[in-house]
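**Student:** The sequence and its predicted three-dimensional model are supplied below.
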Amino acid sequence: MSFIKRMYTNAVRLKLLWPSIGIAIILLFNALFTPGFFHIRLQDGHLFGSLIDILNRGTPILIISLGMTLVIAKEGIDISVGSVLAIAASMAAFLLQKQLPFAIALAAGLGIGVLCGLWNGWLVAKLKIQPMIATLILLTVGRGIAQLVSGGKIITISDPAYRFVGGGFWLGLPFAVIIAAFMFVVLFLITRKTAFGLFLESVGSNRISSEFAGIHSTRIMITVYVICGFCAALAGIIVSSNITGADSNNAGLWFELDAILAVVIGGTSMRGGRFYLGGTVLGALFIQTLTTTIYTLGVPSESVMVVKAVVIIFISLIQSDVLRYIIGGMIRKKSRKKVIANEAAA
């Protein structure tokens, strides 16, 4: 019992409990009502099945959410990640179409993401523009830049190395899943095994006090936006590789909303400070599991957003400490009344 209690305490402390319960409920629903949902088959050395699809399809949102976690921990926001994704994908596809080597196209796509992150970080940290407004600029302009690069058309990709990034397999798993796991490990080491994570939480909690303590808050703020831009660009490479084409009009649409939801569901507060990368991973998996379940049940596409909204609102409410305190108080009050009534009857 002590081991179970310790596991429960750690899950609550690390904000992993509620997203884990949400995923468990959806998986239980699928176990009861979706035949073959848990069936995984090995074909030509590759794993296939609904669970593998969840991991594979959820990779872009997961990678973006990891970068978004650091930005939100700084008490910021980045709503331009969908447009950055489209720019990076369009640039890489455009260079491949011009017969440039894969390495150059990949570096250019990721480099565009870094530059976009630098731009957002400069606006927020140096010019003191509100993060929502600063990133709104690139949200609108970025989509236009992506369309200019692609000429408003879908660029088809035939390079085998590029197609392997989002569509290949390694050790039986989709290569995109390996990339996402690698990004999580790298960011975890950077934020938990170096002073950067402590400085980030300090700046997110109280920027002025952090500066008095000698922390270079401007540098921290720019860094997290650069990381977020890089993550968005990497997600763009994976998305375009997976569909073997760059669609500047539709690539990355609403990704920023799913990424923010994944971070919040994972337990990171929009007010900044403490952040939980593990919780973000569970939040992203929850959103993708929910999406896959909805499509598996044959829910009309025009109703998907509504169903997702209802479920996510419910999960967000049960995560609220204030709501749980109110409900707990009501239960305790009712129990006291029952005890008083029993004593009076006795």
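**Tutor:** In hand now; what should we look at? All of these numbers come straight from a predicted model, not from anything done at the bench.

**Student:** alpha carbons only for contacts and neighbour counts from here, please
**Tutor:** OK.

**Student:** Look up the closest residue to the residue most central in space within the chain, ignoring the ones flanking it.
**Tutor:** By CA atoms, centre = their mean, the chain has its centre lying nearest to S65, at 2.2 Å. Nearest non-adjacent residue to S65, counting by CA to CA, 6 or more residues apart in numbering: A259, 4.6 Å away.

**Student:** hang on, the earlier thing: residue contacts, the residue nearest to the centre of the chain?
**Tutor:** Applying CA atoms under 8 Å, 6 or more residues apart in numbering to S65 gives the contacts 259-260, 262-263, 280-281, 284.

**Student:** circling back to that earlier point, quick check: the residue nearest to S65 is in a helix.
**Tutor:** Yes: under DSSP: H, G, I helix; E, B strand; the rest coil, A259 sits within a helix.

**Student:** Measure how buried it is and give me the count.
**Tutor:** A259 is flanked by 29 other residues according to other CA atoms under 10 Å.

**Student:** One more: P101?
**Tutor:** Look at P101: counted by other CA under 10 Å, it has 14 neighbours.

**Student:** Relative to D159, how far out is it?
**Tutor:** To D159, P101 is 9 Å away according to CA to CA, to the nearest Å.

**Student:** what do you get for K308?
**Tutor:** K308 is 36 Å from D159, by CA to CA.

**Student:** For stretch 35-51, the averaged confidence score.
**Tutor:** For stretch 35-51, the mean pLDDT works out to 86.

**Student:** Which residues does that stretch contact?
**Tutor:** With CA under 8 Å, 6+ apart as the criterion, stretch 35-51 contacts 30-31, 52, 169, 171-174.

**Student:** Do I have it right that G252 meets I87?
**Tutor:** No: contact criterion CA atoms under 8 Å: G252 and I87 do not qualify, at 9.8 Å.

**Student:** okay, and the common contacts of those two?
**Tutor:** Common neighbours of G252 and I87 (criterion: CA under 8 Å, 6+ apart): G236.

**Student:** More neighbours: which of the two?
**Tutor:** Shown here are G252 and I87; by other CA under 10 Å, I87 has more neighbours (35 against 25).

**Student:** Which helix or which strand is home to the nearest residue to that one once chain neighbours are set aside?
**Tutor:** Nearest residue to I87, sequence neighbours excluded (CA to CA, 6+ apart): A146, at 4.4 Å. Using DSSP states H and E, the element containing A146 is helix 131-150.

**Student:** after that helix comes which helix or strand?
**Tutor:** That would be, after helix 131-150 and using DSSP H and E, strand 155-156.

**Student:** helices and strands around that following strand, which ones?
**Tutor:** Judged by 3 or more CA pairs under 8 Å, 6 or more residues apart in numbering; DSSP states H and E, strand 155-156 is in contact with helix 81-97, strand 245-246.

**Student:** Now with 7 Å, please.
**Tutor:** The helices and strands touching strand 155-156, judged by 3 or more CA pairs under 7 Å, 6 or more residues apart in numbering; DSSP states H and E, are strand 245-246.

**Student:** related to what we said a few turns ago, please report how far the residue nearest to S65 lies from A105.
**Tutor:** With the distance defined as CA to CA, A259 ends up 26 Å from A105.

**Student:** R336 too?
**Tutor:** Using CA to CA, we find R336 at a distance of 68 Å from A105.

**Student:** of those two, who's got more company?
**Tutor:** Neighbour totals were compared for R336 and A105, and A105 leads with 24 against 12 (other CA under 10 Å).

**Student:** residues in contact with that one?
**Tutor:** Contact analysis of A105 by CA atoms under 7 Å, 6 or more residues apart in numbering lists 92, 95-96.
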